[in-house]
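In: Okay, sequence plus prediction incoming.
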Amino acid sequence: MTLDLTATAVFVALFLFVTWLGFVAARWRKADLNLLHEWGLGGRRFGTVVTWFLLGGDLYTAYTFIAVPALVYGKGAMGFFAVPYTILIYPILYIVFPRLWEVTRARGHVTAADFVRDRFGSRLLALAFALTGIVATMPYIALQIVGMEVVIGALGFPAGGFVGHLPLIISFIILAAFTYTSGLRAPALIAIVKDTLIFITVFAALVIIPAELGGYRAIFASVPQEKLLLSPPSGDSLGAYSAYATLALGSAFALFLYPHAMTGILSSSSGNVIRRNAAFLAAYSFILGLIALLGYMAIAAGVDKYPAYQAGFAQYGPNFAVPALFLASFPSWFVGVAFAAIAIGALVPAAIMSIACANLFTRNLYKEFFRPDCSEADEARMAKIVSLVVKIGAVVFILAIPQSYAIQLQLLGGIWIIQLLPPILLGLYARHFNAAALLIGWAAGTIIGTYMAATQNFISSVYPLEVFGVALPGYAALYSLLINFLIALALAPLFDRIGRTTGSISR
Amino acid sequence: MANGTKKARLLRYWPRLLFLVPFVAMLFVSSYNRLAPELGGIPFFYWYQLAWILLGAAIVLVVYAIETKVTRVTERTEREAEPSGVPGDIL
């Protein structure tokens, strides 16, 4: 592939614009950025609109926009589970998180681990929270780089080698620099540009591409029949049905436990901002659902048969489907806009994720275990440095290790992060709960969930659970969460009776 | 006292039962795993779930509207949220 100059010029221009925006953000709603809650939570002052952009940019990432249609392109109906998943997250967001927001604000928590530390008085449980959060987020950042790599490759940059990685390295240096100086304000401001570009791109794609392909009926007609629906239950297995439902439900429970989602939520200015967004964020879900259909449009357009895209598919697999579709359907300058939307879409979550990891490390490892007496300025300085380290780590990770590892680790990340649900829920709704029981439940859930994924060679997170001779293939995260909950609930009264109660603070 | 507040709480939060509806609809996979009827050339499986995104959002809005009316959470939390007197919860 040769470098597409027009597309690249538009791409670079948009990239430079958001870079400028990222640095200017430091002066937006000016405050002392040497305080962690200012740098890392934007001072908890984001209203409904900014929170909408921030959470939208945070949750619907570049990788999502590449991977979801790629899944539909490759696997058909199963890939559409992203839609029920994003429907179910909002009732959960509405019920649980305004309450969490109020507690964290009243008691000055910056991370979920802070909350757990305070609520259950257990340093170990908070440590488990912080480590799980960091470990689950790292591969997620790495996957944002994958999303970026695909579009940079699609612009025609030579793949591989130092020169091939140069655009990526440069963009991450830029990202690191403005995150360092502006904190959460940078991704919040950039998210507005990113989402505008995404909306324009998707709108254009839905107008132009179906017209080129002869309408939706023609598009669906060109998709192989067996891809269009889930395979129904047969004999003694619930087959794809239970897998589809549990993937949607489990992913929905896991989403807001991710540190970057938590950071986005805690930075809002009131519980009602969160409640309103539980309704308005559905706009992104709708966009995601439409983007998922791009996978079928790529099949209908037959992008895999174009000789020009062979190299791209060889390099990036199904992830190349959407970039190839855009290249085939749009004029060059608009390809630049669309690809910039995706690449900038990688910067926003990567920035928020690295800030979230930095908050966790600083508050719950550094301050808790090494420097309990550190000043607020020390705390903020440490977090800024950690955010740099995290990003460098993610780039090295993706350049040095095969990409499939990042995908497998992210799959495991979902299983690990969901284990944080019992302490959050019980911390918010139970008057008192035994911390040791929660810790053991967490450990059991993590180990069993990892084991379930291991039996699938870490390729799939769908575990064929058997109950009374009926196979219930389902999301390992959900199954292991169930075990986690049951163990915690069973052990708590036992531990309480033995008198090994760890103090729980009253609210 | 505990009994009284519990009752008040239940009354306050009853609209949240509406949230069960999207869960039931989405987890009942066999109810929508079919092609017909299609809408504008889009098979049922796809347009039905896309439509549920909008329905789900509508349900959240309804719950929000009822709750803020019943409990006046808006006034309460927004007063709490602006201790510095910084205006503009919206942006």
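Out: On my side now, so go ahead. Residues are numbered from 1 along each chain as shown, chains lettered A, B, ... in the order given.
In: Any stretches of chain B with poor pLDDT?
Out: Residues of chain B meeting the criterion pLDDT under 70: B:1-11, B:70-91.
In: For the stretch 401-507 of chain A, give me the ranges with low pLDDT.
Out: Using pLDDT under 70, the stretch 401-507 of chain A drops low at A:499-507.
In: Quick one: the helices in chain B, in order.
Out: B:2-13, B:20-27, B:44-71, B:73-81 (DSSP state H).
In: And the stretch 151-300 of chain A, by the same measure?
Out: Applying DSSP state H, counting those that start in this stretch to the stretch 151-300 of chain A gives helices spanning A:161-182, A:185-213, A:215-221, A:225-228, A:239-255, A:259-266, A:271-280, A:282-301.
In: for those, which one ends up most surrounded?
Out: helix A:259-266 (a mean of 27; mean count of other CB atoms under 10 Å in any protein chain shown). C-betas here are computed from N, CA, C, even on glycine.
In: Averaged pLDDT, it. What do you get?
Out: Per-residue pLDDT values across helix A:259-266 average out to 89.
In: swap in stretch A:183-193?
Out: Here the average pLDDT along stretch A:183-193 is 86.
In: Same check on stretch A:309-327?
Out: Here the average pLDDT along stretch A:309-327 is 87.
In: Stretch A:202-212 too?
Out: In the prediction, stretch A:202-212 has an average pLDDT of 90.
In: Establish whether it and chain B are in contact.
Out: No: on the criterion CB under 8 Å from any CB of the partner chain, stretch A:202-212 is out of touch with chain B, staying 8.7 Å away.
In: Figure out the helix or strand that A:Gln315 lives in.
Out: helix A:310-316 (DSSP states H and E).
In: what sits against the nearest residue to A:Val202 once chain neighbours are set aside?
Out: Excluding the flanking residues, the one nearest A:Val202 by CB to CB, 6 or more residues apart in numbering or on different chains is A:Ile287, at 5.4 Å. By CB atoms under 8 Å, 6 or more residues apart in numbering or on different chains, the contact set of A:Ile287 is A:60, A:198-199, A:202.
In: Would you mind measuring from A:Ile287 to A:Ile198?
Out: Going from A:Ile287 to A:Ile198 by CB to CB, to the nearest Å gives 7 Å.
In: Report the set of residues contacting both of those two.
Out: A:Tyr60.
In: any chance you could map the strands in chain A?
Out: Applying DSSP state E to chain A gives strands spanning A:462-467, A:470-475.
In: Can I get the last one in CSV? Just the C-alpha atoms.
Out: Think strand A:470-475. These are the backbone C-alpha positions of strand A:470-475, laid out as CSV (Å, rounded to 0.1, in the frame of the first residue of the first chain):
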residue,chain,number,x,y,z
VAL,A,470,-27.2,-29.7,30.7
ALA,A,471,-24.4,-27.6,29.2
LEU,A,472,-24.7,-23.9,29.9
PRO,A,473,-21.9,-22.3,27.9
GLY,A,474,-21.5,-18.9,29.5
TYR,A,475,-19.2,-16.0,30.4
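In: contacts for that strand?
Out: A:236-240, A:242-243, A:245-247, A:249-251, A:461-466.
In: swap in stretch A:28-38?
Out: In contact with stretch A:28-38 (CB under 8 Å, 6+ apart) are residues A:26, A:39, A:42-45, A:108, A:110, A:181-183, A:185, A:189, A:359, A:362-363, A:376-377, A:379-381, A:383.
In: Cross the residues you listed against helices and list the overlap.
Out: Going by DSSP H, the helices hold A:39, A:181-182, A:185, A:189, A:359, A:376-377, A:379-381, A:383 from the contacts of stretch A:28-38.
In: Closest to A:Gly413 out of those?
Out: A:Gly413 lies nearest to A:Asn359 out of the ones in helices among the contacts of stretch A:28-38, by CB to CB, at 17.6 Å.
In: Count the residues that sit near the closest one.
Out: For A:Asn359, the neighbour count with other CB atoms under 10 Å in any protein chain shown is 31.
In: which non-adjacent residue is nearest the residue positioned nearest the centre of chain A?
Out: Within chain A, one residue has its C-alpha closest to the average C-alpha position: by CA atoms, centre = their mean, that is A:Leu59, at 5.2 Å. Nearest non-adjacent residue to A:Leu59, counting by CB to CB, 6+ apart: A:Ala261, 6.2 Å away.
In: Check A:Asp496 too.
Out: A:Asn434 (5.5 Å).
In: related to what we said a few turns ago, between the helices of the stretch 151-300 of chain A, which one is nearest to A:Tyr405?
Out: When the helices of the stretch 151-300 of chain A are compared (using CB to CB), the closest one is helix A:161-182, at 17.2 Å.
In: quick one: contacts of that closest one?
Out: Contacts of helix A:161-182 (CB under 8 Å, 6+ apart): A:15, A:19, A:22-23, A:25-26, A:28, A:33, A:145, A:148-149, A:152-153, A:157-158, A:186-187, A:343, A:347, A:350-351, A:354-355, A:384, A:387-388, A:391-392, A:394-395, A:399.
In: Repeat the analysis, applying 7 Å as the threshold.
Out: By CB atoms under 7 Å, 6 or more residues apart in numbering or on different chains, the list of residues contacting helix A:161-182 from outside reads A:15, A:19, A:22-23, A:25-26, A:145, A:148-149, A:152, A:157-158, A:186, A:347, A:350-351, A:354-355, A:384, A:387-388, A:391, A:395, A:399.
In: Run the chain-centre distance for that helix.
Out: 20 Å (CA atoms, centre = their mean, to the nearest Å).
In: so that helix versus helix A:185-213, what angle?
Out: 130 degrees (axes from the mean of the first three to the mean of the last three CA atoms, to 10 degrees).
In: Just the CA atoms of helix A:161-182, as PDB, please.
Out: Extracted C-alpha coordinates of helix A:161-182, given in PDB (Å, rounded to 0.1, in the frame of the first residue of the first chain):
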ATOM      1  CA  GLY A 161      10.200  -1.900  12.100                       C
ATOM      2  CA  PHE A 162      11.100   1.300  13.800                       C
ATOM      3  CA  VAL A 163       9.800   3.500  11.000                       C
ATOM      4  CA  GLY A 164       6.500   1.700  11.100                       C
ATOM      5  CA  HIS A 165       6.100   2.300  14.800                       C
ATOM      6  CA  LEU A 166       7.300   5.900  14.700                       C
ATOM      7  CA  PRO A 167       3.800   7.500  14.200                       C
ATOM      8  CA  LEU A 168       2.600   5.500  17.200                       C
ATOM      9  CA  ILE A 169       5.500   6.400  19.400                       C
ATOM     10  CA  ILE A 170       5.100  10.100  18.500                       C
ATOM     11  CA  SER A 171       1.400  10.100  19.300                       C
ATOM     12  CA  PHE A 172       2.000   8.400  22.600                       C
ATOM     13  CA  ILE A 173       4.700  10.900  23.600                       C
ATOM     14  CA  ILE A 174       2.200  13.700  22.800                       C
ATOM     15  CA  LEU A 175      -0.400  11.900  24.800                       C
ATOM     16  CA  ALA A 176       1.900  11.400  27.700                       C
ATOM     17  CA  ALA A 177       2.900  15.100  27.700                       C
ATOM     18  CA  PHE A 178      -0.500  16.600  27.800                       C
ATOM     19  CA  THR A 179      -1.800  14.100  30.300                       C
ATOM     20  CA  TYR A 180       1.100  15.000  32.500                       C
ATOM     21  CA  THR A 181       0.400  18.700  32.300                       C
ATOM     22  CA  SER A 182      -3.400  18.800  32.200                       C
END
